[in-house]
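**Q** give me the fold of what follows.
(one chain, ligands or ions: 3)
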Amino acid sequence: MTRIITYKSIKANYKSPWYIPYDVLLNTIEWREFRQKIIDRDCSKCKVCNKEQSEKTGRDYFRKPTVQEIAENSKEQLVDLLGDGTLFVKMKNAPIVGIKTDSPTILHVHHKYYILGRLPWEYKSEALVTVCHNCHVKIHDEEMIPVFVDDSFKEKIDLTPCDRCNGTGFLEQHFHVQNGICFRCNGRKFEEFIA
Ligand SMILES: [Zn+2]
Ligand SMILES: [Zn+2]
Ligand SMILES: [Zn+2]
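**A** Ligands and ions are numbered 1, 2, ... in the order given. Predicted coordinates for the structure are as follows:
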């Protein structure tokens with residue numbers, strides 16, 4: 001079982017909040033609560049493409065069936081059970097709730113900007129947005145996420161996005177392992193914070 005911890009109890013182990021690996025961060029009560037608040041506000045959907053998070057059961061992900069798939073599944077069928085031309089109505093299939101998928105939609109919470117040394121949950125909720133992995137990658141491809149020295153937002157600092165995940169902190173092809181956290185930066189997002 002995963003141990004849920006408070007940030008206070010692990011604080012002393014890191015030189016700055018930015019050195020905390022994402023798997024440790026994920027298990028802090030502070031981050032979990034903050035992240036959930038953002039996802040709830042955004043109705044558990046990607047704010048760019050509107051997709052919902054795929055359900056996870058064990059190692060498998062399931063997507064919601066489409067309207068067409070539901071209709072197809074619940075169609076009544078006539079079958080010639082006795083082989084004498086008498087048609088019987090076949091029992092309806094159980095309703096489908098999920099379809100196993102190899103390309104699940106996984107939601108991330110993206111920071112629109114960073115403030116140096118600040119904990120990931122020490123931001124106004126407007127600074128964060130729920131996005132799916134694919135849209136998250138696109139955002140980091142197209143924009144350089146600004147890192148401000150403090151909350152006067154006057155001075156920016158240049159940091160290098162992680163070589164492997166381009167600053168998203170995640171790698172899609174590894175969603176089965178460690179929640180897809182980037183193995184190079186461990187979710188720290190910038191080269192400068194890779195320990
Ligand atoms: Zn999306
Ligand atoms: Zn991001
Ligand atoms: Zn990375």
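**Q** can you tell me the centre-most residue of this structure?
**A** With distances taken as C-alpha atoms, centre = their mean, residue 107 lies nearest the centre of the chain, 2.6 Å away.
**Q** contacting residues around it?
**A** Residue 107 makes contact with 39, 44-46, 53, 130-133, according to C-beta atoms under 8 Å, 6 or more residues apart in numbering. Yep, even glycine has a C-beta here, placed from its N, CA and C like the rest.
**Q** with residue 24 instead?
**A** residue 10.
**Q** please, which helix or strand holds the residue located most distally from the centre of the chain?
**A** If you look at how far each residue of the chain sits from its centre, by C-alpha atoms, centre = their mean, the farthest one is residue 84, at 55.2 Å. Using DSSP states H and E, residue 84 sits in no helix or strand.
**Q** list phi and psi for it.
**A** For residue 84, the backbone dihedrals (degrees, to the nearest 10) come out as phi -110, psi 20.
**Q** one step back: give me the buried entries from the contacts of residue 107.
**A** The neighbour-count criterion (16 or more other C-beta atoms under 10 Å) marks 39, 45-46, 53, 130-133 among the contacts of residue 107 as buried.
**Q** among the residues you listed, which are located in helices?
**A** Judged by DSSP state H, the subset of the buried ones among the contacts of residue 107 located in helices is 39, 133.
**Q** tell me which parts of the chain are close to ligand 1?
**A** Counting by C-beta under 5 Å from the ion, the positions of the chain adjacent to ligand 1 are 46, 48-49, 132, 135.
**Q** and the furthest pair within these?
**A** 48 and 132 (7.4 Å; C-beta to C-beta).
**Q** tell me how many other residues surround residue 172.
**A** Residues within reach of residue 172, counting by other C-beta atoms under 10 Å, total 16.
**Q** can you tell me the closest non-neighbouring residue to it?
**A** The shortest distance from residue 172 to any non-neighbouring residue, by C-beta to C-beta, 6 or more residues apart in numbering, is to residue 133 (5.1 Å).
**Q** do residue 192 as well
**A** residue 159 (5.3 Å).
**Q** coming back round to it: dihedrals phi and psi, the residue nearest to the centre of the chain?
**A** Main-chain torsions, residue 107, degrees, to the nearest 10: phi -90, psi 140.
**Q** mind checking pLDDT for it?
**A** The model reports residue 107 with a pLDDT of 93.
**Q** ok, the nearest residue to it once chain neighbours are set aside - contacts?
**A** With C-beta to C-beta, 6+ apart as the criterion, residue 107 has its nearest non-adjacent residue at 4.6 Å, and that residue is residue 53. For residue 53, the contact set (C-beta under 8 Å, 6+ apart) comprises 44, 105-107.
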